[in-house]
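[1] With the input below, show me the fold.
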Amino acid sequence: MPQYKVFAVEPLGDATVPIIVTTAYTNPGGYHNGEYFVAIPDKECTFFAQRTRFSVKAFPPGGTVLDEDFVLREVLDQALLRLRTYVAQRGITLPPAVRTFRPDILEDTKSLLVHRWIRGVCQDQLVRIAKTTAHEPLTEFIRWVAGLETTDQTDL
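    Modelled structure (predicted):
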């Protein structure tokens, strides 16, 4: 069954919480595909995306199974590598942590996309995901999200 996952990334410097969205699905020919989207709400609304297409329908027996869970893990690893490159290129210093894999990510729910939208932060990133993904359930959800009104915040 086609899947997508949403991850919250620890804040990077002045940026609010970046998000990573990963997808896994098979194309009409039965080949596995996956995508990642990295949306960083910095001053430039930095955005990275990539699609991975597997040229085989299955791995040979006796090892790892090529399925959507495997694809989701692979594209998440690719997204994290791209995010770490961004952190290094920008010279972002992350606070000390117990883990060495930085920045930290936490699997979240798709409501994270709703929160990002209603806050009015880099909304074009979500629109871009909807326009470029080949994963129809993700496109449909973002179209729904894009119909929501933004909120107004007032300091008290």
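[2] Helices along this structure, start to end?
    In the chain, the helices defined using DSSP state H lie at 68-90, 111-118, 123-132, 136-145.
[3] Which one, of the ones you listed, ends up nearest to residue 16?
    Closest of the helices of the chain to residue 16 is helix 111-118, at 8.6 Å (criterion: CB to CB). The C-beta positions use only the backbone N, C-alpha and C, and glycine is treated the same way.
[4] So which bits of the closest one are buried?
    Within helix 111-118, the residues that count as buried by 16 or more other CB atoms under 10 Å are 112-117.
[5] How many residues are close by residue 78?
    For residue 78, the neighbour count with other CB atoms under 10 Å is 18.
[6] Next, the buried residues of the least confident helix or strand in the chain by mean pLDDT.
    Among the helical and strand segments of the chain, the one scoring lowest on mean pLDDT, DSSP states H and E is strand 105-108, with a mean of 74. By neighbour count with 16+ other CB under 10 Å, strand 105-108 contains the buried residues 105, 108.
[7] now it, how far from the centre of its chain.
    In terms of CA atoms, centre = their mean, to the nearest Å, the centre of strand 105-108 is found 10 Å from the chain centre.
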